[in-house]
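[1] fold the following.
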Amino acid sequence: MSATADNSRLMKVLIAPIVSEKATMIAERANQVAFRVLQDATRDEVKAAVELLFKVQVESVQVLNQRGKAKRFGRYEGRRRNQRKAYVSLKEGQEINFAEAQ
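    Predicted coordinates:
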């Protein structure tokens, strides 16, 4: 695989940061950042994508698959989508500022 094809893949791996109470607590306590990622993304791809996009050093990555909840709206039943999350541990002294990101 060429370097440009690899970089274009890495630009698509991270879908969005997760902004919630739990994610904020983890960011403050454990210096971790949570992201929604592609379903077929690997730990190595997530690590490379975060280092490429945010210019920080990553210590480790934990990945989990979350099944979508079954929900009802009146008599209509549906299901939220399945998602894959990545919790990225940053090295000491590193932080991601989303306001300054590209």
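[2] and the helix or strand of the chain with the lowest mean pLDDT, which residues are buried?
    Across the helices and strands of the chain, mean pLDDT, DSSP states H and E gives its lowest value to helix 3-13, namely a mean of 82. Of all the residues in helix 3-13, those buried under the rule 16 or more other C-beta atoms under 10 Å are 10, 13. (C-beta placed from N, C-alpha, C; glycine too.)
[3] relative to the helix or strand that it is followed by, what are the paired strands and their orientations?
    Next along the chain after helix 3-13, taking DSSP states H and E as the criterion, comes strand 14-17. Here strand 14-17 is paired, per DSSP bridges, with strand 32-37 (antiparallel).
[4] could you give the angle of the partner strand to helix 3-13?
    Angle, strand 32-37 to helix 3-13, by axes from the mean of the first three to the mean of the last three C-alpha atoms, to 10 degrees: 100 degrees.
[5] so for strand 32-37, mean pLDDT?
    The average pLDDT for strand 32-37 rounds to 96.
[6] using CSV, write out every CA atom in it.
    Extracted in CSV, the C-alpha atoms of strand 32-37 (Å, rounded to 0.1, in the frame of the first residue of the first chain):
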residue,chain,number,x,y,z
GLN,A,32,-7.8,9.6,27.7
VAL,A,33,-9.8,10.8,24.8
ALA,A,34,-12.8,8.9,23.4
PHE,A,35,-13.6,8.7,19.6
ARG,A,36,-16.2,7.0,17.4
VAL,A,37,-14.2,5.1,14.8
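[7] list the buried residues of it.
    Of all the residues in strand 32-37, those buried under the rule 16+ other C-beta under 10 Å are 32-35, 37.
[8] now for these, which pair is the farthest apart?
    Greatest spatial distance in the buried residues of strand 32-37: Gln32 and Val37, 14.2 Å, computed using C-beta to C-beta.
[9] so which of the buried residues of strand 32-37 comes closest to Glu95?
    Val33 (8.6 Å).
[10] so who does that closest one touch?
    Each residue near Val33 by C-beta atoms under 8 Å, 6 or more residues apart in numbering is listed here: 17, 23, 27, 50, 87-88, 90, 96.
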